[in-house]
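Fold the stuff below for me.
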Amino acid sequence: MFKPEIESLVPAQSFDRRDFVRTALGSAFAAAVMPVAASTIKTDFEGLTAGEVMIPSGDLSMPAYRAQPTGKTNLPVVLVISEIFGVHEHIADVCRRFAKLGYLAIAPELFVRQGDPTSFGTLQELMTNIISKVPDAQVMGDLDAAVKWAGANNGNAAKVGITGFCWGGRITWLYCAHSPTVKAGVAWYGRLVGDKTPTSPAHPLDLAGQLKAPVLGLYGGQDTGIPLDTVEKMKAALKQSSAPAAKASSFVIYPDAPHAFHADYRPSYRATEARDGWEKCLAWFRKQGVA
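Numbering: from 1, shown residues only. Take a look at the predicted model:
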């Protein structure tokens, strides 16, 4: 069983965005999230092969953070999809948590064509310069490439799950509507509705009836950015669908939790809800045949 270790950090007030230096994928925090909280979890590398790999996707070699048990093959695969901050240390740590449990965990840097999301110091700069320019179709293709890579590199491409946080939670819903091979998804507080744009022509609510894999949604009752009425709309759409994966999908709402309650490096972290959500995520993957 995964047992997190709390990272020893310099007191939070000693960090600011001016201290940020770009390093290897997953080895530092994004500038926009500084300072990191003292609750930040650090999972060790013992027994793991972990670090950056390059995945062919179209005409691009896409960087990704990969973690797996050393020397093991035919591993169940989990795609770990970042928030808008890209594949920084928190996402790499989540990969190592999965690897400790026997998964091949892969976190692709899905913003690489548009720029380096870890280098922007404010959310507005990040949204304007990177996130708004990333097409959903591009992301779906890159995730397909990651699954293909996993199948050729110690992973079992017949046992694939996906989980994501915030921006990655929305992508989790979309990928479960896109991919015929993914077996299950766990979406942590991913947006369900939104304006339709050339880069984002459909949202999870629009695609509820197209789900090919069941999704577990983990959401906070105090999330000011994702009103609970949008969750209720999604529940209704799933219930009305004839798709088996839609009917098998489910939600867990944590009444007192805000947005990003799993993000242990941020003030929004809620340890009790995060631990419960993690256990439910693992149980969901077991139930759906990923593990």
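
contacts, neighbours, all on C-alpha from now
Will do.

Residue ranges in the stretch 51-200 of the chain under the pLDDT threshold?
When residues are selected by pLDDT under 70, none of them lie in the stretch 51-200 of the chain.

Please enumerate the strands of it.
Ranges of strands within the stretch 51-200 of the chain are 60-69, 75-81, 104-108, 155-165, 184-188, based on DSSP state E, counting those that start in this stretch.

Now render those strands as a markdown table, adding distance to residue 227.
Formatted as a markdown table, these follow (distance: least, Cα to Cα, whole Å):
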| stretch | distance to residue 227 |
| --- | --- |
| strand 60-69 | 32 |
| strand 75-81 | 22 |
| strand 104-108 | 28 |
| strand 155-165 | 16 |
| strand 184-188 | 14 |
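
so which of these comes closest to residue 138?
Closest approach to residue 138 among the strands of the stretch 51-200 of the chain is made by strand 60-69 (11.5 Å; Cα to Cα).

The nearest residue to residue 180 once chain neighbours are set aside sits in which helix or strand?
The shortest distance from residue 180 to any non-neighbouring residue, by Cα to Cα, 6 or more residues apart in numbering, is to residue 212 (6.2 Å). Here residue 212 is covered by no helix or strand, with elements defined by DSSP states H and E.

residues contacting residue 212?
176-180, 182-183, 243-246 (Cα atoms under 8 Å, 6 or more residues apart in numbering).

Restrict those to the buried ones and give me that as a PyMOL selection.
The buried residues among the contacts of residue 212 can be selected in PyMOL (16 or more other Cα atoms under 10 Å) with this line:
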select buried, resi 176+177+178+179+182+183+243+244+245+246
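
Now tabulate the contacts of residue 212 in a markdown table and tack on distance to residue 80.
As requested, the contacts of residue 212 are exported to a markdown table (distance: Cα to Cα, whole Å):
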| residue | distance to residue 80 |
| --- | --- |
| 176 | 13 |
| 177 | 17 |
| 178 | 16 |
| 179 | 15 |
| 180 | 18 |
| 182 | 13 |
| 183 | 14 |
| 243 | 25 |
| 244 | 24 |
| 245 | 20 |
| 246 | 21 |
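
mind listing which of the contacts of residue 212 are in helices?
In this view, these that belong to helices under DSSP state H are 176-178, 244-246.

can you name the two of the residues you listed that are farthest apart?
Farthest pair in the ones in helices among the contacts of residue 212 (Cα to Cα) is 178 and 244. Separation: 14.9 Å.

Grab the nearest non-local neighbour of the residue at minimal distance from the centre of the chain.
Centroid-nearest residue in the chain, with Cα atoms, centre = their mean: residue 164, separated by 2.2 Å. Nearest non-adjacent residue to residue 164, counting by Cα to Cα, 6+ apart: residue 81, 4.3 Å away.

can you count the residues close to the one you found?
Per other Cα atoms under 10 Å, the neighbour tally for residue 81 reads 28.

now do residue 58
Quick note: residue 58 (other Cα under 10 Å) scores 11 neighbours.

one step back: and which of the contacts of residue 212 is nearest to residue 198?
Of the contacts of residue 212, the one sitting nearest to residue 198 (Cα to Cα) turns out to be residue 178, at 17.5 Å.

Of the contacts of residue 212, which is the nearest to residue 270?
For the contacts of residue 212, the nearest to residue 270 is residue 176 (27.0 Å; Cα to Cα).

quick one, what contacts the closest one?
Residue 176 makes contact with 182, 184-185, 211-215, according to Cα under 8 Å, 6+ apart.

For the residues you listed, could you give me TSV that also reports distance to residue 67?
Supplementary listing: these in TSV, determined by distance: Cα to Cα, whole Å:
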residue	distance to residue 67
182	19
184	20
185	19
211	28
212	26
213	24
214	25
215	23
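
Name only those of the residues you listed that count as buried.
Listed as buried from the contacts of residue 176 are 182, 184-185, 211-215; burial here means 16+ other Cα under 10 Å.

could the ones in helices among the contacts of residue 212 go into TSV alongside distance to residue 27?
Shown next, in TSV, are the ones in helices among the contacts of residue 212 (distance: Cα to Cα, whole Å):
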residue	distance to residue 27
176	29
177	32
178	31
244	40
245	36
246	37
